[in-house]
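Student: From the sequence below, what's the structure:
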Amino acid sequence: MRSRKTFFAAIATVFSSLISGCETGEISRFEHPPSESFYEEMNYYSPELDEYKDQGVLFVISIKQLTYNEFSIWLGLYAADLPNLAMQINRIRITGDEWEESHQINREIEFSEAGDTALLTDAVRIGVSGDSFTLLKNSPSIIIEVVYSTGTEDREMRFLIERRVEKHIAFPT
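Tutor: Numbers count the residues shown, from 1 in each chain. Have a look, this model is predicted:
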């Protein structure tokens, strides 16, 4: 009987130390709902994407956390047919609560086939790390403005990005 009590006491001690040793971690996810919808279905013709098209080119945004201190922002560009105008991405500006960061790109878009989708695609990627990572991670929402040119005219595409925080329990190993 005594060994049985000792056994249950040992089990209770192990479980209580496991529970009290848990830590909670937060992961910030940033979403642009129309872009998320596009990447789920790859439906270029969806009406919710019309405001993100110019000259037949669809602009979509994806933000992923690569490491514990770096986010990557992908600007995806898709077209059903090859546009007849040359298009260049000039810069990407990220604006959060009381901060702003601008990335000079100056890159001409060169479309290629996008695998099984029958769409043409190109992409621009920028990394966000250091102090900018902390500012981005703690902003409840951000605005990403893509400044691009078609011929001689500069244009702007604007995305409102929502932040979602996921809490995870990390069990000790």
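Student: So what touches stretch 44-61?
Tutor: 32, 34-35, 37-39, 43, 73-81, 83, 85, 87, 109, 117, 119, 144, 146, 150, 155, 157, 159, 161 (CB atoms under 8 Å, 6 or more residues apart in numbering). Where C-beta positions appear, they are placed from N, C-alpha and C, glycine not excepted.
Student: for the protein, which spans come out with low pLDDT?
Tutor: 1-2, 7-10, 12-22, 114-116, 170-173 (pLDDT under 70).
Student: longest strand anywhere in it?
Tutor: strand 153-170 (DSSP state E).
Student: got the CA coordinates for it in PDB?
Tutor: Extracted in PDB, the C-alpha atoms of strand 153-170 (Å, rounded to 0.1, in the frame of the first residue of the first chain):
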ATOM      1  CA  GLU A 153       3.600  57.100 -65.000                       C
ATOM      2  CA  ASP A 154       4.200  56.200 -61.300                       C
ATOM      3  CA  ARG A 155       1.400  54.400 -59.600                       C
ATOM      4  CA  GLU A 156       0.700  53.000 -56.200                       C
ATOM      5  CA  MET A 157      -0.900  49.800 -54.900                       C
ATOM      6  CA  ARG A 158      -1.900  49.800 -51.200                       C
ATOM      7  CA  PHE A 159      -2.500  46.800 -48.900                       C
ATOM      8  CA  LEU A 160      -4.000  46.900 -45.400                       C
ATOM      9  CA  ILE A 161      -2.400  44.100 -43.500                       C
ATOM     10  CA  GLU A 162      -4.000  42.600 -40.300                       C
ATOM     11  CA  ARG A 163      -2.000  41.200 -37.400                       C
ATOM     12  CA  ARG A 164      -3.100  38.000 -35.700                       C
ATOM     13  CA  VAL A 165      -1.400  36.700 -32.600                       C
ATOM     14  CA  GLU A 166      -1.300  32.900 -32.000                       C
ATOM     15  CA  LYS A 167      -0.400  31.700 -28.500                       C
ATOM     16  CA  HIS A 168       1.300  28.300 -28.200                       C
ATOM     17  CA  ILE A 169       2.300  26.300 -25.200                       C
ATOM     18  CA  ALA A 170       5.900  25.100 -25.200                       C
END
